[in-house]
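Colleague: need a 3D model of the following:
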Amino acid sequence: MSDATYAGAIVMEVNGAEIDIVSLKPQTTTGRKPVKTMNRKGRVLGYADGITEHKLSVTAAIPIDGTKIDWANITKAKITIYPINKEDRRTSYLDCFTVEISEQYEADNEARIDIEMQALHKIQE
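Modeller: Model (predicted):
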């Protein structure tokens, strides 16, 4: 029997409105770069720290309850991943802003929107 823990609900908060997320794919880039020096060994001997970036690929169901969301101009959004069990800490991406959007329509599913975002902060709450 496995003691695996899985993520639960994922919610995006935009201007006080909560939007349920269908899928989320976070990607963190450390910004580290190899430092190439001229040495006898002919290989990289170290690295330089860079700026960490948090890129998010978000898919959300387009709400039909009258909520109007300007998907292209989302700024300062918060995306929170809630764990299934209450003992674990949740992960939040803060100050998220839209970089790119595309809509998706299928016969079998609801209308969805794909949003490429970047977050300024990632925290464990």
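Colleague: C-alpha only now, for contacts and for neighbours.
Modeller: OK.
Colleague: how far away is the residue of the chain most remote from its centre from Val11?
Modeller: Outermost residue of the chain with respect to the C-alpha centroid, by CA atoms, centre = their mean, is Arg40; its distance is 42.6 Å. Distance of Arg40 to Val11, computed by CA to CA, to the nearest Å: 53 Å.
Colleague: quick one: low-confidence parts of the chain?
Modeller: Residue ranges of the chain with pLDDT under 70: 1-7.
Colleague: can you name the residues bridging to the spatially most central residue of the chain?
Modeller: Residue closest to the mean C-alpha point of the chain, counted by CA atoms, centre = their mean, is Leu56 at 3.0 Å. When assigned by DSSP bridges, Leu56 has beta-bridge partners Pro26, Met117.
Colleague: residues contacting it?
Modeller: Leu24, Lys25, Pro26, Gln27, Glu116, Met117, Gln118, Ala119 (CA atoms under 8 Å, 6 or more residues apart in numbering).
Colleague: quick check, Ile101 in a strand?
Modeller: Yes - with DSSP: H, G, I helix; E, B strand; the rest coil as the criterion, Ile101 is part of a strand.
Colleague: so what's the residue count around the spatially closest residue to it that is not a sequence neighbour?
Modeller: Nearest non-adjacent residue to Ile101, counting by CA to CA, 6 or more residues apart in numbering: Ile115, 4.5 Å away. A count of neighbours around Ile115, defined by other CA atoms under 10 Å, yields 22.
Colleague: I figured Ile115 hits Thr59, correct?
Modeller: Yes - with contact defined as CA atoms under 8 Å, Ile115 reaches Thr59; the gap is 6.2 Å.
Colleague: can you list contacts of the helix or strand hosting Ser23?
Modeller: Using DSSP states H and E, Ser23 maps to strand 17-29. Residues from elsewhere that reach strand 17-29, judged by CA under 8 Å, 6+ apart: 9-13, 52-61, 63.
Colleague: if we use 7 Å, what do you get?
Modeller: Outside strand 17-29, the residues that touch it by CA atoms under 7 Å, 6 or more residues apart in numbering are 10-13, 52-61.
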